[in-house]
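Visitor: okay, here's the prediction I keep looking at, along with the sequence it came from:
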Amino acid sequence: MKNRILQTIRQHQMLEKGMHIVIGLSGGPDSMCMFDVLCRLAEDWQLTLHPVHVNHKFRPGAAEEDQAFVEDFCRQAGWPCRTFVRDCGALAAAEGLSPEEAGRKVRYEAFAQVAEGLMQGCESGNGCPVPPEKVAIAVGQNADDQAETVLFRLLRGTGVDGLSGIAYKRWNEQNIAVIRPLLDVSRRKIEKYCAERNLMPRRDHTNEEPVYMRNRIRLQLLPYLRQEYNPNISSGLNRLAASAAADSDFIWKEAEKAYGQAVVAENGEMVEFSLEILDSFHPAIRIRLYHRALTVIGAAEDLSAVHLEGIEQVLKSDSPSASWNLPGDAAAEKRYDRLCLRKLTAEAEMGELRVSIRTSAIDDDEAGIRDLAGKRRLTARFDLVKLQEVYGVDAAEGILLRNRQDGDYIRIKTAGGVHRKKLQDVLVDMKIPKALRDSVKLAAIGSEILWIIPQEGMRGRYSAAYGAEDNCERPIIILEYSCRV
């Protein structure tokens, strides 16, 4: 057992000499086996072990007995245990989580807290910070857990990434390595090792109750598949996971290269891709670019294949302003030659633009500024016929509210007549600070700006090409912009 686990550690570069290992220690067979093996490796590998036990308070009485057992075992082994007591039932109710989700959330938060404490020097024992590359979190999933995970995801409908199952090594949100040294060892061999080493692990009776879907897979579905279809089903699922993980790793590496080529703008709230470059990639690459971008803006948590397919539809849409709402208050929007994935936190700041058509002259008080019910309303008017001469009979439908884009221009009037001028140059002339230019609100049709909308500390400007004459008897387009005061 020790040699098999050591082989996995070396093959997946989980550890190096002199590391500090935060060990998730529930007291069950998996974690007890892992802890015992790491204790045996500690001297040769110069490891410092930090066992962590979480009392979830799911099983009153038994949970406290588990806690006392683990703390005593660690004390005898010479590695003091850090214990966290959390009411996971209350957390599940408060946050709308399943008991499993609440327990996992609490465990990994506890592990991360200890790991971060090591890097800050407050958990290391000598007050010296431990370099991040010298810290890892070890958890005890085994080969049977891998098979159950793959089958669980298969039943829910997953892709290559999901079929890759549990990773041998990954990095959490704090960029701390999470390792799984037992992932090549079966549950049967772990039980045998615990008996041979007289570890006397604790038993959680809820693991033997077919209440949760994962329990039913382990207790009912997998035994049925072994008996009726393939006695080696777990090994087969693990081979599938290994093959899918290799393919997934290759595709993601190619996607990382593609991401750098396709991104034209990025910040914490928005990622913009070049449509031309994006469309040149294989869909398998594009899907991962979307996932990568939504991770950047913090909107990837509840992402599904349906959402990613929706982004593909936006990409392929003939509409220059196609959009698709996404989880995490995000959206995918087509912006002419760009695809923008963004958080919707700026939606209220953008305001609203209402476009209407009047068939006769408007009163003077219909143009200008009003404050109505906590909203500031600004209006502008244009000659519909003039717009239709340039943009066709559906000109009014093409008017959008947006921020500036490459290629924008506005028609201005000079002594020589009316001519185009780049929006960038107009904003410079208006003395709009560079940092504020991207937030200027515009009423646009295609790349032409009809109205630079006034905002606090900034005057507006109208296009000189489509102005409606006073007392005009021709149809008039009214643009009404409103935002919260």
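Guide: Received the coordinates, thanks.

Visitor: tell me the helices in the stretch 301-450 of the chain, going along the chain?
Guide: Here the stretch 301-450 of the chain has its helices, by DSSP state H, counting those that start in this stretch, at 305-316, 347-350, 384-391, 423-429, 434-437.

Visitor: over to the stretch 101-250 of the chain?
Guide: Secondary structure of the stretch 101-250 of the chain (DSSP H, counting those that start in this stretch): helices at 143-156, 160-163, 187-196, 213-216, 222-228, 233-262.

Visitor: determine which stretch of those helices is the most buried.
Guide: helix 143-156 (a mean of 19; mean count of other CB atoms under 10 Å). Placement of C-beta: from N, CA and C, glycine included.

Visitor: I'd like to know which elements it is packed against.
Guide: helix 160-163, helix 187-196, helix 213-216, helix 222-228, helix 233-262 (3 or more CB pairs under 8 Å, 6 or more residues apart in numbering; DSSP states H and E).

Visitor: which one of those lies closest to L294?
Guide: For L294, the closest of these is helix 233-262, at 12.1 Å, according to CB to CB.

Visitor: point out where the stretch 51-200 of the chain drops to low pLDDT.
Guide: Counting by pLDDT under 70, the stretch 51-200 of the chain contains low-confidence ranges at 124-125.

Visitor: show the pLDDT at the residue positioned nearest the centre of the chain.
Guide: Central residue of the chain (CA atoms, centre = their mean): A300, 2.3 Å from the mean position. Among the per-residue scores, A300 holds a pLDDT of 86.

Visitor: show me the contact partners of stretch 227-241.
Guide: Outside stretch 227-241, the residues that touch it by CB atoms under 8 Å, 6 or more residues apart in numbering are 143-144, 146-147, 149-151, 163-166, 186, 222, 225-226.

Visitor: end to end on stretch 87-105, go ahead and measure it.
Guide: End-to-end distance for stretch 87-105, by CA to CA, to the nearest Å: 12 Å.

Visitor: can you give the contact residues for it?
Guide: Contacts for stretch 87-105 (CB under 8 Å, 6+ apart): V54, H56, K57, F58, V106, Y212, R214.

Visitor: mind running it again at 6 Å?
Guide: H56, K57, V106, Y212 (CB atoms under 6 Å, 6 or more residues apart in numbering).

Visitor: same deal with stretch 208-216?
Guide: Contacts for stretch 208-216 (CB under 6 Å, 6+ apart): E100, F152, L219, Q220.

Visitor: is K422 in a bridge, and if so with what?
Guide: Y409 (DSSP bridges).

Visitor: quick one, what contacts R170?
Guide: Counting by CB under 6 Å, 6+ apart, R170 touches V178.

Visitor: V70 and G24 touch, don't they?
Guide: No: using CB atoms under 6 Å, V70 makes no contact with G24, being 10.7 Å away.

Visitor: can you get me a residue count around K2?
Guide: Per other CB atoms under 10 Å, the neighbour tally for K2 reads 12.

Visitor: what's the spacing between the closest residue to it other than its chain neighbours and F69?
Guide: Of all residues not flanking K2 in the chain, V37 sits nearest, at 5.4 Å (CB to CB, 6 or more residues apart in numbering). V37 sits 19 Å away from F69, going by CB to CB, to the nearest Å.

Visitor: the more surrounded of these two?
Guide: Comparing V37 with F69 by other CB under 10 Å, the one with more neighbours is V37, at 22 against 16.
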